[in-house]
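Q: whatever this is, show me its structure:
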Amino acid sequence: MSQSQMSQSQMNQSQPSMLPGSPGSPDSPHWLHWPPGLPRTVSVPETDLYANVEISALRWPDKPFIIFYDSALTFAQFKDECEALAGYLQGPCGVRAGDRVILFLQNSPQFIISFYAILRAGAIVVPVNPMNRAEELAHMVRDSGSTVAIVAQNLLAEVTSEVTSEVTSEVASEVAPSSGQLLQHVVVASYSDYLKTPTDLNVPDFVRAPRAETTIRSTTTFTAWSSALGAGLRASERSSKPDDLCVMPYTSGTTGNPKGCMHTHRSVMHNAVVPLSWFGTHQDLVFLASLPFFHVTGMQGSMNGPLYLGATVVVLARWDREVALRCIERHRINALSMIAAMVVDFLAHPQLETFDLSSVQRINGGGAAMPEAVAGRLHQLLGLSYVEGYGMTETIAPTHLNPPHRPKRQCLGIPFVGVDSRVIDPTTLVECPQGETGEIVVHGPPIMQGYWNKPEANEESFIIIEGKRFLRTGDLGRVDEDGYFFMVDRLKRMINASGFKVWPAEVESLLYAHPAIHEACIIAAPDPVRGETVKAVVVLRPAFVNTVDESAIIEWARAHMAAYKVPRQVEFMASLPKSGTGKVQWRLLQDRERDRTTTSLS
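A: Below you'll find the predicted structure:
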């Protein structure tokens with residue numbers, strides 16, 4: 001079976017016809033709320049992604065594409081550096097069409113240049129979370145079969161002997177048959193190379209750090225970014241086609257090792273271009289790139305989309321609310337993409353109202369539902385609604401978006417252009433009636449080809465409905481009378497308290513309305529009577545740290561939610577653990593709770 005095909009058993013699945021008014025049908029009520037003036041289908045270029053580099057450089061050669069702590073890089077300069085790095089990748093590094101290349105960097109000009117240089121060389125980008133440690137990096141190097149990596153200078157400590165030393169002949173035959181090595185070439189990038197204009201912004205120390213000589217002793221070749229670009233090489237003629245693989249981001253790996261999601265130029269182009277039409281954007285907008293580029297939301301909304309559009313991107317190496325506010329004011333930023341945790345931090349700035357934020361025209365995001373109370377404060381400040389969306393690594397960003405003219409709060413939105421999405425019973429696979437909770441499944445142009453070298457995972461993740469290939473998301477949701485989708489929770493996160501189903505995301509959202517709560521995460525705690533009970537892990541606002549206790553939170557919850565949802569336990573923390581994308585890592589807290597229980601019983 002090829003990686004992009006379903007098994008015969010899946011193809012033979014017989015599913016009932018869609019329900020009347022189903023989100024996948026022409027009479028679905030969500031069409032009544034479609035963005036005004038937007039056709040139901042949108043034309044997407046039949047080219048590879050790199051064509052966007054050439055076109056934007058031709059149209060706006062002297063316009064700033066990237067602004068990095070007040071230092072600018074024009075579209076023409078960007079194209080020249082992409083060509084130079086691609087030439088080096090094809091030359092000394094030996095990169096060929098279809099090879100996978102590791103990209104291990106924070107948000108920076110080098111990340112964007114590297115991304116498109118890899119595509120220019122005909123290869124496949126493997127973006128890696130810069131928070132990953134050596135063992136996690138090694139898994140992705142080995143699993144993808146990458147022999148070349150582009151790595152930030154400050155992350156070299158993670159490029160250990162696991163991925164640079166000689167390996168056994170058995171592993172070598174699977175991963176790098178020509179050399180017996182894992183990584184053969186590493187290009188080392190120093191962020192400070194792109195700090196060319198003096199700035200009063202708070203630049204992180206790892207960004208300011210001067211270029212240093214690499215001292216790693218290995219058979220792997222390490223080359224400074226400046227030397228690679230200064231080699232004077234140019235890439236050979238471009239041959240990539242729309243249906244060739246172009247990027248392979250890895251899933252978060254909440255169960256087992258992360259899996260590579262195979263995306264083509266066509267699927268990435270679709271979700272880079274179509275959101276621009278959804279929001280009615282134009283080439284003179286200025287975007288804030290505060291979400292990480294290694295993650296599909298930042299990659300599409302703050303990098304690939306703006307490049308296609310010919311817009312300017314103000315890049316932050318990592319989230320800093322003070323720097324973000326000053327950049328909005330200084331560069332007249334129009335479009336913000338921020339997850340809920342960033343918005344909470346943004347609104348907590350003590351001098352927030354002293355900044356001129358009048359240029360902001362749009363704020364959108366996803367990843368977790370925006371709490372009602374936070375969305376209300378944001379609307380009061382900017383006069384804008386937070387437009388939520390929904391997508392996955394497997395769908396290269398959105399499959400659902402709220403209509404900008406009619407968004408609903410704490411809502412995933414409606415199926416995106418070209419997407420057929422439904423809610424099904426996770427056991428019977430039969431479509432659920434409107435209002436009932438089931439698993440969200442999606443079909444359409446953004447869906448990955450499959451998981452890299454994981455046919456068993458593909459068997460579990462895809463189903464055939466009415467002859468169409470749907471991805472099972474593992475997310476539970478429901479559809480309302482207007483055809484809007486709402487997240488209930490992850491299929492594996494449900495708390496069963498005395499037979500009552502408790503969805504942590506719902507309880508978290510309600511808790512955010514408490515005036516003392518800055519952040520909250522709901523997990524399950526063992527209970528001798530109920531089996532499981534609800535526990536709240538809470539971060540208090542500074543003014544309430546010494547005045548609010550566990551009983552106060554519980555009493556408030558009893559007045560604001562059903563009794564079976566009320567947290568029976570409350571734990572206070574100084575901060576919640578977060579992933580590189582800013583999402584609260586509930587699984588870490590859940591595992592810690594289970595470990596505590598095991599220890600107490602032993």
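Q: CA atoms for contacts and neighbours, from now on please.
A: Fine.
Q: export only the CA atoms of stretch 375-384, formatted as CSV.
A: Extracted C-alpha coordinates of stretch 375-384, given in CSV (Å, rounded to 0.1, in the frame of the first residue of the first chain):
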residue,chain,number,x,y,z
ALA,A,375,-12.7,37.6,24.5
GLY,A,376,-14.9,40.2,26.2
ARG,A,377,-11.9,42.2,27.5
LEU,A,378,-10.2,42.0,24.1
HIS,A,379,-13.3,43.4,22.4
GLN,A,380,-13.5,46.2,24.9
LEU,A,381,-9.9,47.1,24.2
LEU,A,382,-9.7,46.9,20.4
GLY,A,383,-13.4,46.9,19.4
LEU,A,384,-12.6,43.6,17.5
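Q: what count of nearby residues applies to Asp200?
A: Asp200 is flanked by 8 other residues according to other C-alpha atoms under 10 Å.
Q: and it, what does it touch?
A: By C-alpha atoms under 8 Å, 6 or more residues apart in numbering, Asp200 lies in contact with nothing.
Q: Ala157 and Arg133, how far apart?
A: Distance from Ala157 to Arg133, counting by C-alpha to C-alpha, to the nearest Å: 9 Å.
Q: which SS class is Glu459?
A: Following DSSP: H, G, I helix; E, B strand; the rest coil, Glu459 is assigned to helix.
Q: same question for the one 5 residues further on.
A: Under three-state DSSP, Ile464 falls in the strand class.
Q: tell me the bridge partners for it.
A: Counting by DSSP bridges, Ile464 forms beta bridges with Arg469.
Q: quick check: it touching His443?
A: No - Ile464 lies out of contact with His443 (C-alpha atoms under 8 Å); the separation is 9.7 Å.
Q: shared neighbours of these two, anything?
A: Shared contacts of Ile464 and His443 (C-alpha under 8 Å, 6+ apart): Phe470.
Q: those two: which is more packed in?
A: His443 (25 against 19).
Q: how near is the closest residue to the more buried one other than its chain neighbours to Pro445?
A: Excluding the flanking residues, the one nearest His443 by C-alpha to C-alpha, 6 or more residues apart in numbering is Phe470, at 4.6 Å. Using C-alpha to C-alpha, Phe470 is found at 11 Å from Pro445.
Q: quick check: mean pLDDT across the host helix or strand of Pro526?
A: Element membership for Pro526, per DSSP states H and E: strand 517-527. In this model, strand 517-527 has a mean pLDDT of 92.
Q: toward the C-terminus, what is the element adjacent to the lowest-mean-pLDDT helix or strand in the chain?
A: Using mean pLDDT, DSSP states H and E, helix 169-175 stands out as the lowest-scoring helix or strand of the chain, at a mean of 38. Using DSSP H and E, the helix or strand that follows helix 169-175 towards the C-terminus is strand 185-189.
Q: partner strands of that following strand, parallel or antiparallel?
A: Here strand 185-189 is paired, per DSSP bridges, with strand 148-152 (parallel), strand 221-224 (parallel).
Q: right, and those strands - which one's nearest Glu550?
A: Minimum separation from Glu550 across those (C-alpha to C-alpha) falls at strand 148-152, 43.7 Å.
Q: mind checking how far that closest one is from the chain centre?
A: Put simply, strand 148-152 sits 20 Å off its chain's centre (C-alpha atoms, centre = their mean, to the nearest Å).
Q: average pLDDT for that strand?
A: In this model, strand 148-152 carries a mean pLDDT of 97.
Q: so what touches that strand?
A: In contact with strand 148-152 (C-alpha under 8 Å, 6+ apart) are residues 93, 95, 100-106, 114, 183-191.
Q: now the strands paired with strand 185-189 as CSV including mean neighbour count and distance to Ala123?
A: Below are these laid out as CSV (neighbours: other C-alpha atoms under 10 Å; distance: least, C-alpha to C-alpha, whole Å):
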stretch, mean neighbour count, distance to Ala123
strand 148-152, 26, 11
strand 221-224, 18, 19
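Q: next, format these as CSV and append distance to His514.
A: Below are those laid out as CSV (distance: least, C-alpha to C-alpha, whole Å):
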stretch, distance to His514
strand 148-152, 41
strand 221-224, 51
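Q: need the strands for the stretch 501-602 of the chain, in chain order.
A: With DSSP state E, counting those that start in this stretch as the criterion, the stretch 501-602 of the chain has strands at 517-527, 531-540, 569-572.
Q: by how many degrees do the first one and strand 531-540 diverge?
A: Spelled out, it's strand 517-527. Inter-element angle recorded for strand 517-527 and strand 531-540: 160 degrees (by axes from the mean of the first three to the mean of the last three C-alpha atoms, to 10 degrees).
Q: on that earlier part again, between Phe470 and Pro445, which is the more surrounded one?
A: Neighbour count, other C-alpha under 10 Å: between Phe470 and Pro445, Phe470 has more, with 21 against 18.
Q: was I right about that one contacting Val441?
A: Yes - under the criterion of C-alpha under 8 Å, Phe470 makes contact with Val441 at 5.9 Å.
Q: re earlier: residues contacting the strand holding Pro526, please?
A: Counting contacts by C-alpha under 8 Å, 6+ apart, the residues outside strand 517-527 that touch it are 344, 495, 504-505, 507-508, 511-512, 532-541, 576, 584, 586, 589-590, 593-594, 597.
Q: if we can go back for a sec, for Ser302, which of the strands paired with strand 185-189 is the nearest?
A: strand 148-152 (20.1 Å).
Q: quick check: next helix or strand after that closest one?
A: helix 161-164.
Q: who does that next one touch, helix- and strand-wise?
A: When contacts are defined as 3 or more C-alpha pairs under 8 Å, 6 or more residues apart in numbering; DSSP states H and E, helix 161-164 sits against helix 134-144.
Q: brilliant, that's me finished.
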